[in-house]
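Visitor: Please work out how this folds:
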Amino acid sequence: MRIHVTDIQDGDQLSHDIFNHYGLHVLSKGTRLYKNEISRLLQHQIDQVEILDRTLVLPSGEAISPVNRTLESTVNPKWLPTVQPIYENAVKRFEKLFESAIEDGIVQEAEVTEIMQPLLDNLQLERDVVSMLLLLNTEDDYTYQHSVQVGMLAYYLATWLDHSSEDAALIGKAGFLHDIGKSKISADILNKPGKLTEEEFEEVKRHTLYGHEIILGSFQEKDLAIGALQHHERIDGSGYPHGLKGEEIHPISKIIAVVDIYSAMISARVYQKERDLLFVLKELYRLSFSEIDPVTTHTFIKHMIPNFIGKRVRLNNERFGIIVMTHPTEFFRPLIQIDDEFVDLTIDRHYEIEHVYL
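Guide: Prediction:
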């Protein structure tokens, strides 16, 4: 339902993301509109918005407002029929790319571009990155899916860090190729369900060196190779293969390090179940004070958190609610709607979110 800003009623909910005339993101789909949000719309000279219908008629004939609706997922993946086949094709073709790296020790630049470009062209169809990856993710082909996901996320994060479109595409490609060195690692080691021996772990760590070598032998652009070499380096010097610290680590590698951890933690593998979404972001936040670049990490979290608006959650008191607003600095303490009640976790600090549902 399209209405003028002056006709907004408290609690009206946006049905689409709002952008100003310069393309700047103003408010996210699912945001509840109150005085502060209306003021923000007016500041950006936005005079009309699309909102969810204010009433819903149940089969019984009862009319209820959106605020009182039964909790349900708000994901509306209109983009899925377009992006899913492109994503699945990228995963399948990356497997062949992997095989080429095993047999020939190189990958073809044209092949990488053919796989990645359709994804990059379609990533703007949906800004809910959280839902997108969860809906696309499966338990199969972890290594190949992970590489595709890291490429997608690296592209997003590069744009959020204000890199140009050209540079963001390059960084996305670097993310896509970051684990190509695993083609040189035995599948028995990569897929081992138990703990690796010290010798096995040392061999896994060499995938950074193998990947660097493969990419340097395949591309003219050296920055593509640096992501493969350094994505396990940590700013406190605890990473590998060279124990680099702080500014010794290339900015591209700092981007890939963040999204590599995120993708790995949301994915199910033979030795790991996927973690709760908010737990993963909290873990990234914790690591940003020791191991991964804080500016890069906080930028990633700040842009991912609004995607949780409209999602169902379970609190530590076993009550269920929906996230209706997120906080700009206290990322993990949003405003929650529970039936007719609104709970601000920045104020009610004894409450914690235990699980987020898609």
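Visitor: Please count neighbours and contacts with C-alpha atoms only from this point.
Guide: Fine.
Visitor: Would you tell me what the next helix or strand after the helix ranked longest in the chain is?
Guide: Ranked by residue count and defined by DSSP state H, the top helix of the chain is helix 80-104. Helices and strands here follow DSSP states H and E; after helix 80-104, the next one along the chain is helix 109-122.
Visitor: quick one: buried residues of that next one?
Guide: Within helix 109-122, the residues that count as buried by 16 or more other CA atoms under 10 Å are 112, 115, 116, 119, 120.
Visitor: if we can go back for a sec, report the angle between the longest helix of the chain and helix 109-122.
Guide: 160 degrees (axes from the mean of the first three to the mean of the last three CA atoms, to 10 degrees).
Visitor: could you give the mean pLDDT of helix 80-104?
Guide: For helix 80-104, the mean per-residue pLDDT is 87.
Visitor: Which residues does it contact?
Guide: The contact list for helix 80-104, computed with CA atoms under 8 Å, 6 or more residues apart in numbering, reads 106-107, 111-112, 115-116, 118-119, 122-123, 136, 141, 144-145, 148, 180, 183-184, 214.
Visitor: Residue 321 - that's part of a strand, no?
Guide: Yes - in this structure, residue 321 lies within a strand as judged by DSSP: H, G, I helix; E, B strand; the rest coil.
Visitor: give the contact list for residue 19.
Guide: Counting by CA under 8 Å, 6+ apart, residue 19 makes contact with 25, 26, 27.
Visitor: let's go with 10 Å and repeat that
Guide: 25, 26, 27, 28, 41, 44, 46 (CA atoms under 10 Å, 6 or more residues apart in numbering).
Visitor: what's the closest of the residues you listed to residue 10?
Guide: The closest of the contacts of residue 19 to residue 10 turns out to be residue 41 (CA to CA; 14.0 Å).
Visitor: wait, isn't residue 256 in contact with residue 230?
Guide: Yes - shown here, residue 256 and residue 230 form a contact pair, counting by CA atoms under 10 Å, at 8.8 Å.
Visitor: And the helices in the stretch 51-200 of the chain?
Guide: For the stretch 51-200 of the chain, the helices defined by DSSP state H, counting those that start in this stretch cover 80-104, 109-122, 129-136, 142-160, 165-176, 187-190, 198-205.
Visitor: Could I get the contacts of residue 19 in a markdown table, plus columns for pLDDT?
Guide: Putting the contacts of residue 19 into a markdown table (pLDDT from 0 to 100) gives the following:
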| residue | pLDDT |
| --- | --- |
| 25 | 80 |
| 26 | 85 |
| 27 | 88 |
| 28 | 86 |
| 41 | 85 |
| 44 | 80 |
| 46 | 85 |
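Visitor: could you pull out the strands for the stretch 201-350 of the chain?
Guide: Listed in chain order, the strands found in the stretch 201-350 of the chain under DSSP state E, counting those that start in this stretch are 312-315, 320-325, 335-338, 341-344.
Visitor: so can I have CSV of the ones you listed showing mean pLDDT, distance to residue 101 and mean neighbour count?
Guide: Shown next, in CSV, are those (pLDDT from 0 to 100; distance: least, CA to CA, whole Å; neighbours: other CA atoms under 10 Å):
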stretch, mean pLDDT, distance to residue 101, mean neighbour count
strand 312-315, 92, 43, 19
strand 320-325, 91, 45, 24
strand 335-338, 92, 48, 22
strand 341-344, 91, 52, 15
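Visitor: Okay, now the unreliable bits of the stretch 51-200 of the chain?
Guide: Scanning the stretch 51-200 of the chain for pLDDT under 70 picks out 54-80, 124-128, 138-140.
Visitor: cutoff 90 now
Guide: Along the stretch 51-200 of the chain, the parts satisfying pLDDT under 90 run over 51-88, 95, 99-100, 109, 117-145, 187, 190-195.
Visitor: count of neighbours near the residue lying closest to residue 145 once chain neighbours are set aside?
Guide: In this structure, residue 145 finds its nearest non-sequential neighbour in residue 91, 5.6 Å apart by CA to CA, 6 or more residues apart in numbering. Residue 91 sits with 22 neighbouring residues when counted by other CA atoms under 10 Å.
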